[in-house]
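J.: Sequence plus predicted model, see below.
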Amino acid sequence: MIELNEQSLREFVREKFAVVEFYNDFCPYCRMLTAILSSICREMGIKVGKINVGNYPDIGREYEIELVPTVIVFSRGEAVGGFMGFTTRNVVKAELERLVREYC
């Protein structure tokens, strides 16, 4: 999983298909979701990054992050899906598989 900053995030989301986790350091659910996302994305060959909205609050506001973890899936710079909060591996995988079918 790639650690993103404000500038690299803007470049990262322009990819054909990219997954971004918005998190902060004080969130235990974020750490658990990071492990799940990393594993699934590695298996599926999907680019995945994360950005700490505690360090970049303007990014949190720009993407309307109301809680962490939040995952947004981008296709060529456009948000095309995602979810808020911690969820199970099966739910994460099913959502990513659906979005890959639609956008890749």
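T.: Received it, and whenever you're ready, just let me know what you need.
J.: so where do the strands sit in the protein?
T.: Along the chain, the stretches classed as strands by DSSP state E are 2-3, 18-23, 47-52, 70-75, 78-84.
J.: what angle separates the second one from strand 70-75?
T.: Translated: strand 18-23. 160 degrees (axes from the mean of the first three to the mean of the last three CA atoms, to 10 degrees).
J.: Could you figure out how far strand 18-23 is turned away from strand 47-52?
T.: Our comparison of strand 18-23 with strand 47-52, counting by the same axes, to 10 degrees, yields an angle of 20 degrees.
J.: chain center to strand 18-23: distance?
T.: Computed by CA atoms, centre = their mean, to the nearest Å, the separation of strand 18-23 from the middle of its chain amounts to 2 Å.
J.: Residues contacting that strand, please?
T.: Applying CB atoms under 8 Å, 6 or more residues apart in numbering, the set of residues contacting strand 18-23 from outside is 1, 4, 9, 12-13, 30, 33-34, 37, 41, 46-53, 59-60, 63, 65, 68-75, 96. The C-beta positions use only the backbone N, C-alpha and C, and glycine is treated the same way.
J.: Please pick the buried ones from those residues.
T.: By the neighbour-count criterion of 16 or more other CB atoms under 10 Å, those include these buried positions: 1, 4, 9, 12-13, 30, 33-34, 37, 41, 46, 48-53, 59-60, 63, 65, 68-75, 96.
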